[in-house]
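# let's see this in three dimensions:
(chains A and B)
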Number of protein chains: 2
Amino acid sequence: MSTKIFPTAQDAQIAFYEALERCDLEAMMAVWSEDEDIVCVHPAGQRLAGQAQVREVWRQMFAGGTNMRVRITQQVVIAGVMVEAHSVHENITVAGEQRPRPPMVATNVYLRTAAGWRMIVHHASPAPGQPAAEPPSPAAPKILH
Amino acid sequence: MSTKIFPTAQDAQIAFYEALERCDLEAMMAVWSEDEDIVCVHPAGQRLAGQAQVREVWRQMFAGGTNMRVRITQQVVIAGVMVEAHSVHENITVAGEQRPRPPMVATNVYLRTAAGWRMIVHHASPAPGQPAAEPPSPAAPKILH
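Numbering: from 1, shown residues only, chains lettered A, B, ... in the order given. Down below sits the predicted model:
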């Protein structure tokens, strides 16, 4: 049983992405609420609900042991007294790959519990290319040959 | 300015999907919190934050006036006193199309405000094929010619 206490939702979020980078299942599950009321949606994955489903899919993902780094950008925080929703872009680079992967957009919802802030929802899905990365150039001449 | 009051988060959700089906922009925005702290992620769309961005993209979507029906299934509700997170599958059928579209998985977060329950987050993304809808048949012979 985990006794980790996160004093803020942001602390829980930092621990979430550290556990993801380290493929550390126990550290990952210590971020989540201990209630059955948790939901996790991985990119293009089935919706997972409850401790058993959420834990099992993290276990499968971590068994592969991918060596990845996640850089969080464009965070928007909707903060209440007991709940915070964080909307972020996850910029993932995998060791050995030449290019960073396309960013994911994630909704992370945290609840203030008796045991500190815990995650109750993680929903991640592919984000389209960012304007800064792919500047549109409608005025550029089209080269057809 | 909207004066619509939703006594429960579920009432707000019903109004959300009715507005979506009717392509009714004012009814849609009446479901959302009036604060700037709102986030909307359409399937494969950029993350939208704040009233102006969220409203403008609904306006563009509704301008097309697609005649669609949304059936909500597999709802999981994480309920707090002031906030509820609803995880649902959206089963969308568009008039004139032979088959239902692949389901979406959506995370909808509602806040209890002075003006009743309002949406603060909508994040929808494609859900993979459900086992019941697409039974795997690894033992079936592969027809190559």
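
# just list whatever residues bridge to the closest residue to chain B within chain A.
Using Cβ to the nearest Cβ, the single residue of chain A nearest to chain B is A:Ser125, 3.2 Å away. Where you see a C-beta, it was placed from the backbone N, CA and C, and this is true even at glycine. Note on A:Ser125: beta-bridge partners A:Val105, judged by DSSP bridges.

# what residues are up against it?
A:Val41, A:Pro43, A:Ala44, A:Met104, A:Val105, A:Ala106, B:Val41, B:Pro43, B:Ala44, B:His123, B:Ser125, B:Pro126 (Cβ atoms under 8 Å, 6 or more residues apart in numbering or on different chains).

# list buried residues within those.
A:Val41, A:Pro43, A:Met104, A:Val105, A:Ala106, B:Val41, B:Pro43, B:His123, B:Ser125, B:Pro126 (16 or more other Cβ atoms under 10 Å in any protein chain shown).

# among those, which one lies nearest to B:Val57?
Among the buried ones among the contacts of A:Ser125, B:Val41 lies closest to B:Val57 (Cβ to Cβ), at 10.2 Å.

# what's the pLDDT at that closest one?
pLDDT for B:Val41: 98.

# quick one: stretch A:60-71 near chain B?
No - shown here: stretch A:60-71 not in contact with chain B (Cβ under 8 Å from any Cβ of the partner chain), separated by at least 14.8 Å.

# distance from the chain centre to stretch A:111-118, please.
Mean C-alpha position of stretch A:111-118 versus that of the full chain (Cα atoms, centre = their mean, to the nearest Å) differs by 18 Å.

# got a list of contacts for that stretch?
Residues external to stretch A:111-118 that are found in contact with it (Cβ under 8 Å, 6+ apart): A:3-9, A:11-12, A:31-34, A:81-84, A:110, A:119-120, B:80.

# quick one: contacts for the residue positioned nearest the centre of chain A?
What sits nearest the mean C-alpha location of chain A, by Cα atoms, centre = their mean, is A:Ala106, with 5.5 Å. Shown in contact with A:Ala106 (Cβ under 8 Å, 6+ apart): A:Ser87, A:Val88, A:His89, A:Glu90, A:His122, A:His123, A:Ala124, A:Ser125.

# give the contact list for the residue nearest to it when sequence neighbours are not counted.
Using Cβ to Cβ, 6 or more residues apart in numbering or on different chains and skipping residues adjacent in sequence, the residue nearest A:Ala106 is A:Ala124, 4.2 Å away. By Cβ under 8 Å, 6+ apart, the contact list for A:Ala124 reads A:Val41, A:His42, A:Pro43, A:Glu90, A:Met104, A:Val105, A:Ala106, A:Thr107.

# I am finished for the moment; much appreciated.
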